[in-house]
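>>> Fold the following, please.
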Amino acid sequence: VFFFCKNVSAIFQNSLLMNVAFNNYSDPNNLKFEEIRIYGLTQEITSVTVYHNDVVQDDPLNITYDSSNQAALITGLQLELGKSYTLKWRLGSIKERFDCYPNPDPTKEKCEQLGCAWEKTPNPDVPPCYYTSANPYYLENIQYSSSGVVADLTLDSARIRANEASTTPISTLRLEVKYHLNNMLQFKIYDYKNPRYEVPIPLNLPSSPINSNQSRLYQVSLQIQPFGIQIQRNSTRTVIWDSALPTFTFSDMFIQISTRLASQYIYGFGEAEQPTFRHDMNWQTWGMFTRDQPPRHKLNSYGVHPFYMALEEDGNAHGVLLLNSNAMDVTFQPTPALTYRTTGGILDFYMFLGPTPELVVQQYTALIGRPVMPPYWSLGFQLCRYGYRNDTEVSQLVEDMKAADIPHDVQYVDIDYMERQLDFTLGAHFAGLPALVNKTKADGMRFIIILDPAISANETDYPAFRRGMENDVFIKRPNSTEIIYSKVWPFLPGVIVNESLPEETQIQDYGAHVAFPDFFRTSTAEWWKREILEVYSNPTNPNNSIKFDGLWIDMNEPAAFVNGALGGCRDNLLNNPPYMPHLGYRSEGLTFKTPCMEGQQYLPDGTSVRHYDVHSLYGWSQTKPTLDALQEATKERGIVVTRSTYPSSGRWAGHWLGDNTAAWDQLGKSIVGMMEFSLFGISYTGADICGFFQDSEYELCLRWTQLGAFYPYSRNHNHKGTRRQDPVSWNATFEEVTKKVLNIRYTLLPYLYTLMHDAHANGSTVVRPLFHEFVKEKTTWDIHEQFLWGPALLISPALQQNAVTVRAYLPRARWYDYYTDENVGFRGFYNIFSAPLDHINLHIRGGHILPWQKPARTTFYSRKNAMGLTVALDDSLFAEGHLYWDDGVMIDAYEKGKYLLTTFTANKTVLDIRVLHGGYTDPNQLKFTEIKVLGVPSSVSQVTVSQNGGTITSPHASNYTSTKKLLTITGLQLKLGQNYTLQWS
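Sure thing, here's the model as predicted:
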């Protein structure tokens, strides 16, 4: 008898059919097909489903694809010989999936109700529910002009997907494309029949778009059906935006658009803690909605910045702003592509064509407003602590810093100085604060105090609340006179607070009812100004006047310690929208740690807006009124430091990176945060040195002090109940190391102040990623543990515990060691540098000239000291630089022309000093007394100084060190504000 088994297999429409044609034999070895190789596939297999008798088999499969041989290998199969099977697969890259169900808890049923495909993958980050059909919009009535395009977006009724009522696509949309400048365009999608909320921040738009096609850096193409916009760079034909994708939808409470990206190199979006500067493109989603959230990975934090910069593969750069302030998120995927999802407003995009990274930031800040020019003293070192017990403790700290001769320009007080954390009051333990402030200022220092926005309503006679009621400044429930009350900091009057309880419990038990001012209103700005002015000049008790120099505004997301409001919120749709973006504590809704979304606010023109729409603008709306009040009070420039920010906040304030933790990973993350805020147009930034939460420790705090000496905003600050961490709280060695690094900072303040001016005048960055200067070196595109001050000073800090060396990259330029003045002699690769505990690695870039000044304990004294120049010659034996100088405090000194601008140009034998603008004469009769020229190729025997074409007698001395190729000229008397030429031979 002859037994045999015959399996017949065939490939048909992405399926493999394995049918048993005859079976009269059972193999005793239980043979199985465990792998199958398929040739001739032009696309990747993304998934395989195995059926036996129409039942899906759940064998764990592995799929690999060899694109060079167009072959796929499927392993992990358990197909028994003698049984029939069907294998079905999908072609196409998983990278091409666009998430069709971004809400929590997707299921196959929910997915298929939307008309989308469902298939899980081993990677849980890959969306299991994804689009397989095009978006339902197409373009009609397209009108082209030399300055842009206008078209209507129409819904294809046959392609509309299932939606909830508030996410039903709007059918009356319009697209507007405007060619504003050769390097900037805008494209906007809105409802032309029913006006919708649009972000009310002022932008510096040209009065009319350009109409020259010849000089534009970009080309716009429209795909009619399905709708899409494509933008390409004219010079390279690189497509930098392509939204012809299935995701586009526009409804009342859910708007979504995706674009393909030109590369994997994307930077920006904030505010959230990130471990690296470049974004991870592997299915990462980041939420944006202002919140009182200390820095934690992927949790939306204090500010909202829907702006990114991209590097194209050839090194060109562009930037994109979505001007939308509703709760939103963005998803990166390895396509590479980006998906925006927002819960309201419109789509209003601005694109900046660079083509260099630095030009992108300059073009962006030209639109939103240039960074604020800080006063000179605000670049000094600053100390603060939440938890000072009284003014005596603060006074002793100031005296201890002075005795140790450690630079210390600014002292703060946190909410401790207030009576029960009540704005515009002075607590009994700080009754001596006004006198302390006056004494400190008389010694050349400055003082900054804190203010929170929430105002207590539980006081018997509290002028701030009473006058706020009279001026109708508080946010109310819609169409009502009922104020929305919550709880934040102020405690109730007449209670004894049990401080052993957690802070949130203290607030719950003892917290006063507070109201939130609506800072959009003109009346609120005037009310706020009056309250601030009366702190500065107390009208009832002049001895209680606090002569502050700057204001620190906190808790302005706005923050609350009650979700929503006392008495609850009343509009569930707004507080828990149909699409809840990927925010921290997503299940809690939008009211987590903030007031109700239905709160009604009013723009200056009287237009009513919902807090739902303008929530993320709250801190933004408070910032300019605060600066206006500060400047009216002090009659000086002053500085405002704000926690919550939005695009253009940098016009009026600086920003600290929030309530960080005393942990080693925070050092590197602070560099990332500063570089991001450089992109966002906020130059005056820094993190709390040594950490805010938890006890700092010696080595951590010392390394952080070294790094923090190069934050533009350099402040040590920590939390109540933690150990002291100011420089005089450790030991004598710590004091000496701190003094050493802060003296370097103070020496370089003229250079830093000049960079701040450049940012204010031109929009350039101060803290600068390396790729902004060396974009041709792709290695720099991923560097986030080093940074530059401007173009010329490279900072390479030690960021790891127990480190005694630093691995740092020196780009392709000539570099000089800051400490030894020697050419390091290599470039274009990483090197190991010594980093003992008392040392931070600094390098000066050849081709640049750095102005400097001898340091002192405060800038009040250092500004009187002799100045100098460090001339670092490049490979061509050339260098240049400049110095901006004014009185350091005048409001709008640059705009009024009350400044001095001096340029420096050098080659191997000559240094020219030329005054470009002479609108300021320094009363200290400052002089350049020392000049160092680095990289002089041959010995120097004579130096001559000339002015106005004639040689002048100058009692100088020169010294040439051949081993270092260093020329040092001392004893000079070159007056600041005059032209000179120095020549050596």
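>>> Run through the residues that contact Asn324.
Val199, Pro306, Thr342, Gly345, Ile346, Leu347, Asp348 (CB atoms under 8 Å, 6 or more residues apart in numbering). The way it works is simple: take the backbone N, C-alpha and C, and place the C-beta from them, glycine included.
>>> Which of those fall within strands?
Pro306, Thr342, Leu347, Asp348 (DSSP state E).
>>> Could you find the closest non-adjacent residue to the second one?
If you skip the residues right next to it in sequence, Thr342 has Met328 as its closest partner in space, 3.8 Å away by CB to CB, 6 or more residues apart in numbering.
>>> Quickly list what the one you found is bridged to.
As for beta bridges, Met328 partners with Met288, Thr342 under DSSP bridges.
>>> Give me the distance from the one helix or strand Glu880 maps to to the chain's centre.
According to DSSP states H and E, Glu880 maps onto strand 879-885. Relative to its chain's centre, strand 879-885 lies at 28 Å (CA atoms, centre = their mean, to the nearest Å).
>>> If we go by neighbour counts, what in that strand is buried?
Ala879, Gly881, His882, Leu883, Tyr884, Trp885 (16 or more other CB atoms under 10 Å).
>>> Mind telling me the two of the contacts of Asn324 farthest from one another?
Pro306 and Ile346 (12.9 Å; CB to CB).
>>> Contacts only, for the closest residue in space to Asp242 that isn't next to it in sequence.
Nearest non-adjacent residue to Asp242, counting by CB to CB, 6+ apart: Arg260, 4.2 Å away. Arg260 makes contacts with Val239, Trp241, Asp242, Leu245, Thr335, Pro336, Ala337, as judged by CB under 8 Å, 6+ apart.
>>> Can you tell me which of the residues you listed comes closest to Ile546?
Distances from Ile546 to these, taken by CB to CB, are shortest for Trp241, at 51.1 Å.
>>> Which of the helices or strands spans that closest one?
strand 239-242.
>>> on contacts alone, who are the packing partners of that strand?
strand 228-233, strand 255-260 (3 or more CB pairs under 8 Å, 6 or more residues apart in numbering; DSSP states H and E).
>>> Go through those strands and name the closest to Ala906.
strand 228-233 (36.5 Å).
>>> What strands flank the closest one, and is each parallel or antiparallel?
strand 218-223 (antiparallel), strand 239-242 (antiparallel).
>>> Other residues contacting that strand?
175, 177, 185, 187, 217-223, 238-245, 248, 312, 316, 318, 351, 353, 355.
>>> likewise stretch 815-833?
Contacts of stretch 815-833 (CB under 8 Å, 6+ apart): 744, 777, 793-794, 796, 805-814, 841-846, 872, 932, 934-935, 964-966.
>>> Return the members of those residues classed as buried.
By 16+ other CB under 10 Å, the contacts of stretch 815-833 give 744, 777, 793-794, 796, 806, 808-811, 813-814, 841-846, 872, 932, 934-935, 964-966 as buried.
>>> Just the ones of those in helices?
The helices, defined by DSSP state H, take in Ile744 from the buried ones among the contacts of stretch 815-833.
>>> So what's the gap between stretch 212-227 and the chain middle?
30 Å.
>>> Just the endpoints, please. Distance across it?
26 Å (CA to CA, to the nearest Å).
>>> can you give me the mean pLDDT across that stretch?
Averaged over stretch 212-227, pLDDT sits at 89.
>>> now the residue nearest to Asp242: how far from Arg233?
Using CB to CB, to the nearest Å, Arg260 is found at 14 Å from Arg233.
>>> which one of the contacts of Arg260 sits closest to Pro136?
For those, the nearest to Pro136 is Leu245 (12.6 Å; CB to CB).
>>> thinking again about what came up before, of the helices and strands packed on strand 239-242, flag the one that's most buried.
Neighbour counts (mean count of other CB atoms under 10 Å) averaged over each of the helices and strands packed on strand 239-242 peak at strand 255-260, with a mean of 24.
>>> I'd like the next helix or strand past the strand holding Trp241.
strand 249-250.
>>> elements contacting that following strand?
Using 3+ CB pairs under 8 Å, 6+ apart, strand 249-250 sits against strand 255-260.
>>> relative to strand 228-233, how tilted is the strand it packs on?
40 degrees (axes from the mean of the first three to the mean of the last three CA atoms, to 10 degrees).
>>> Show the subsequent helix or strand relative to strand 255-260.
Following strand 255-260 in sequence, per DSSP H and E, is strand 265-270.
>>> Any idea how far that following strand is from the middle of the chain?
For strand 265-270, the distance to the chain centre is 9 Å (CA atoms, centre = their mean).
>>> Residues contacting that strand, please?
Counting by CB under 8 Å, 6+ apart, 277-279, 281, 286, 288, 301, 303-311, 319, 330, 332, 336, 338, 675-677, 679-680, 769, 781 sit against strand 265-270.
>>> For Val728, which of the strands paired with strand 228-233 is the nearest?
It is, among the strands paired with strand 228-233 and with distance given as CB to CB, strand 239-242, at 52.4 Å.
>>> neighbouring contacts of the closest one?
Against strand 239-242 from outside (CB under 8 Å, 6+ apart): 218, 228-233, 259-262, 310, 312, 318, 320, 351.
>>> again with stretch 891-904
With CB under 8 Å, 6+ apart, stretch 891-904 has contacts from 373, 631, 635-637, 757, 760-761, 849, 851, 869, 871, 879-887, 890, 911-922, 976-977.
>>> Dump the C-alpha coordinates for that stretch into PDB.
C-alpha atoms of stretch 891-904 as PDB (Å, rounded to 0.1, in the frame of the first residue of the first chain):
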ATOM      1  CA  ILE A 891      15.300 101.900  29.300                       C
ATOM      2  CA  ASP A 892      15.600 101.500  25.500                       C
ATOM      3  CA  ALA A 893      19.200 102.700  25.400                       C
ATOM      4  CA  TYR A 894      19.700 101.000  22.000                       C
ATOM      5  CA  GLU A 895      16.500 102.400  20.500                       C
ATOM      6  CA  LYS A 896      17.400 105.900  21.800                       C
ATOM      7  CA  GLY A 897      20.900 105.700  20.400                       C
ATOM      8  CA  LYS A 898      22.400 106.100  23.800                       C
ATOM      9  CA  TYR A 899      25.100 103.400  23.400                       C
ATOM     10  CA  LEU A 900      28.600 102.900  22.100                       C
ATOM     11  CA  LEU A 901      29.400 100.300  19.500                       C
ATOM     12  CA  THR A 902      33.100  99.500  18.800                       C
ATOM     13  CA  THR A 903      34.500  97.000  16.300                       C
ATOM     14  CA  PHE A 904      37.800  95.200  16.400                       C
END
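>>> per the record, what domains does this structure have?
5-92, 94-132, 134-353, 764-984 (the TED database).
>>> Output the ones you listed in TSV, with distance to Tyr751 appended to each entry.
Listed next are the domains of the chain as TSV, based on distance: least, CB to CB, whole Å:
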stretch	distance to Tyr751
domain 5-92	51
domain 94-132	44
domain 134-353	23
domain 764-984	5
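>>> Mind listing the residues bridging to the residue nearest to Asp242?
Bridge pairing for Arg260 - DSSP bridges - gives Asp242, Ala337.
>>> Please name the residues that touch Pro336.
Taking CB under 8 Å, 6+ apart, one finds Arg260, Leu261, Ser263, Gln264, Ile266, Met281 in contact with Pro336.
>>> From Leu261, how far out is the nearest residue to the fifth one once chain neighbours are set aside?
What it means is Ile266. Nearest residue to Ile266, sequence neighbours excluded (CB to CB, 6+ apart): His279, at 4.6 Å. Distance from His279 to Leu261, counting by CB to CB: 10 Å.
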